[in-house]
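> This is the structure alone, sequence omitted:
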């Protein structure tokens with residue numbers, strides 16, 4: 001039979017392990033809230049997304065990424081944008097993005113082109129390349145749809 005001291009030590013060890021596990025999860029994942037309609041119909045205003053933090057070189061075409069908003073478009077305190085990757089390094093620059101991307105025929109290393117699912121989205125057609133360093137991560141699932149209880 002365990003003594004009270006052994007029980008306390010076991011509980012403390014379990015608590016420490018749980019705290020370390022939560023810290024590791026927090027470093028790997030984060031939750032963001034969608035603001036606006038640029039990803040409609042895939043995501044609605046108010047949807048919460050679980051985002052796996054990753055480096056941009058691990059992003060594939062058509063994945064939904066969260067990245068730092070270009071400084072010239074920051075307003076209302078928004079810092080992050082949610083968009084779908086349209087082209088990754090080495091891919092041809094999509095025709096509708098050529099003007100914003102400049103003379104490049106292929107997406108250069110360290111850059112991405114993104115597009116919102118809503119055709120009226122503010123995306124790479126307006127601001128050009130997204131630096132890979134500005135990518136927070138990839139949306140892996142919706143935690144709550146807007147309007148759900």
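Right, received. Where do you want to start? All figures in this text were calculated on a predicted structure; none of them were measured in a lab.
> number of nearby residues for residue 29?
13 (other Cβ atoms under 10 Å). For glycine as for every other residue, the C-beta is placed from the backbone atoms N, C-alpha and C.
> same deal with residue 109?
Residue 109 has 10 nearby residues by other Cβ under 10 Å.
> Does it touch residue 89 like I think?
Yes: Residue 109 is within contact range of residue 89, at 4.8 Å (criterion: Cβ atoms under 8 Å).
> show me the contacts for residue 28.
52-53 (Cβ atoms under 8 Å, 6 or more residues apart in numbering).
> mind checking how far residue 129 is from residue 60?
17 Å (Cβ to Cβ, to the nearest Å).
> Neighbour count: those two, which is higher?
Neighbours per residue (other Cβ under 10 Å) separate residue 129 from residue 60, with residue 129 holding more: 22 against 9.
> Give me the neighbour count for the nearest residue to that one once chain neighbours are set aside.
Once flanking residues are discounted, residue 129 sits nearest to residue 111: 4.1 Å by Cβ to Cβ, 6 or more residues apart in numbering. Here the number of neighbours of residue 111 (other Cβ under 10 Å) works out to 19.
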